[in-house]
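Student: Fold the following for me, if possible:
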Amino acid sequence: MHQNKLQDAGLCASANFAGLTTVTTLSAYNTCCLFACHFSQLFDNPWILDDSFKIKDLGEAHYFLGLEIIKQPTGILVSQHKFTSDLLAEFHCSTVTPVVSPLELYRKLSAESGDPCPDPSLYRKLVGKLNFLQHTRPDISFAVQHVSQFLHYPRLPHLEAGLHVLRYLAGSPGLGILLNDSPDFSLSGYCDSDWAGCVQTRRSITGFYILLGGSPASWKAKKQPTIAPSSAKAEYRALRKIVAEISWLVPLFDDFGVSGLSPVQVFCDNQAALHIARNPVFHECTKHIEIDCYFVRKKLNDGLISLQYVHSYISITG
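Tutor: Numbers count the residues shown, from 1 in each chain. Here you go, the predicted model:
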């Protein structure tokens with residue numbers, strides 16, 4: 001077992017006992033949450049933790065580390081409704097008119113536009129809480145990445161963009177991620193890039209979204225470390241990021257007893273990036289991303305992933 005994978009994620013899995021499925025423990029701040037397929041695995045075996053620690057059984061999980069856990073007919077809904085409501089109240093946005101997108105369309109922020117914020121700590125507090133909210137709101141990942149660039153010297157347009165995210169959240173404060181009860185455990189992922197999306201540096205933004213059986217498993221929006229001279233190179237770097245994440249997730253899920261996930265379908269809306277990944281010949285236009293090419297191609301040849309084209313209009317990350 002890749003125990004280091006579990007430990008990196010703050011998890012611990014016990015060995016199977018009495019023919020039962022593995023029990024997983026999530027521990028943080030002197031609080032433990034146990035996960036198993038059936039209640040009998042937890043409550044019929046009190047020796048799991050009680051032999052070594054003085055514990056208090058609080059029953060089924062409903063609220064854990066700011067996450068609200070709600071049973072639904074089709075699975076479990078994990079949200080941060082209370083946290084979102086408190087955040088809206090703190091910034092006096094509880095009664096604002098909601099908007100339909102986290103950021104204003106076609107608006108690009110720069111580090112030098114507008115007057116400085118009178119209270120920079122207010123902006124930093126807002127962005128920090130939005131960053132925490134990403135645990136259950138992948139729909140704001142790109143927006144939070146965008147406003148996080150200006151923490152060192154925030155200006156009024158940056159604060160306005162942060163408040164715009166709050167107006168978006170006001171429309172659906174109880175929205176979260178649904179961990180469905182489907183027997184399907186297939187892993188799939190979508191990746192995309194916003195080529196030269198940063199107006200300051202002209203670096204591109206990578207975005208990916210990974211699902212396990214149709215439920216969100218991992219997502220991220222992050223600025224690329226270097227400038228991509230073409231959209232194909234920006235897309236390929238995004239492809240490399242999602243493949244790296246899949247390379248970490250597959251052994252982690254294997255520790256949970258979820259095996260046979262390979263090959264993982266990875267969807268990309270750039271044909272050039274897919275051709276580069278499948279073409280065994282390197283040439284002049286790929287030398288700047290040669291290391292990424294080797295990495296993605298090795299995982300492709302190992303059978304970890306399979307590459308698929310998807311149109312931008314139906315891509316989750318598009």
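Student: In this structure A228 contacts C198, no?
Tutor: No: counting by Cβ atoms under 8 Å, A228 does not reach C198; the two are 11.1 Å apart. For the C-beta atoms, the positions are set from N, CA and C on the backbone; glycine is no exception.
Student: Spatially, what comes nearest to K71 if we skip its sequence neighbours?
Tutor: L77 (7.8 Å; Cβ to Cβ, 6 or more residues apart in numbering).
Student: The one you found in helix, strand or coil?
Tutor: Secondary structure, DSSP: H, G, I helix; E, B strand; the rest coil: L77 is strand.
Student: so where's the chain shaky on pLDDT?
Tutor: Applying pLDDT under 70 to the chain picks out residues 1-55, 280, 282-288, 318.
Student: Which residue ranges of it form helices?
Tutor: 3-8, 40-43, 47-50, 81-90, 120-133, 141-147, 156-170, 231-255, 271-278, 290-301 (DSSP state H).
Student: Could you give the bridge partners of the residue positioned nearest the centre of the chain?
Tutor: Centroid check for the chain by Cα atoms, centre = their mean gives W219 as the closest residue, at 2.4 Å. In this entry, W219 is beta-bridged to Y209, by DSSP bridges.
Student: That one contacts F208, doesn't it?
Tutor: Yes: taking contacts as Cβ under 8 Å, W219 lies within contact range of F208: 6.6 Å.
Student: about what we covered before: okay, and the common contacts of A228 and C198?
Tutor: Both A228 and C198 are in contact with S204, where contact means Cβ atoms under 8 Å, 6 or more residues apart in numbering.
Student: Among those two, which residue is more densely surrounded?
Tutor: Counted by other Cβ atoms under 10 Å, A228 and C198 do not tie: A228 has more neighbours, with 22 against 18.
Student: returning to what we had before: tabulate the helices of the chain (a markdown table), appending mean neighbour count.
Tutor: Output for these, formatted as a markdown table (neighbours: other Cβ atoms under 10 Å):
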| stretch | mean neighbour count |
| --- | --- |
| helix 3-8 | 13 |
| helix 40-43 | 16 |
| helix 47-50 | 14 |
| helix 81-90 | 16 |
| helix 120-133 | 17 |
| helix 141-147 | 22 |
| helix 156-170 | 20 |
| helix 231-255 | 21 |
| helix 271-278 | 17 |
| helix 290-301 | 16 |
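Student: any idea how far L307 lies from W219?
Tutor: Distance of L307 to W219, given as Cβ to Cβ, to the nearest Å: 19 Å.
Student: repeat for P118
Tutor: 34 Å.
Student: again with L159
Tutor: Counting by Cβ to Cβ - L159 and W219 are separated by 25 Å.
Student: cool, F185 as well?
Tutor: 18 Å.
Student: Kindly report the same for P154.
Tutor: Going from P154 to W219 by Cβ to Cβ gives 25 Å.
Student: Much appreciated, bye for now.
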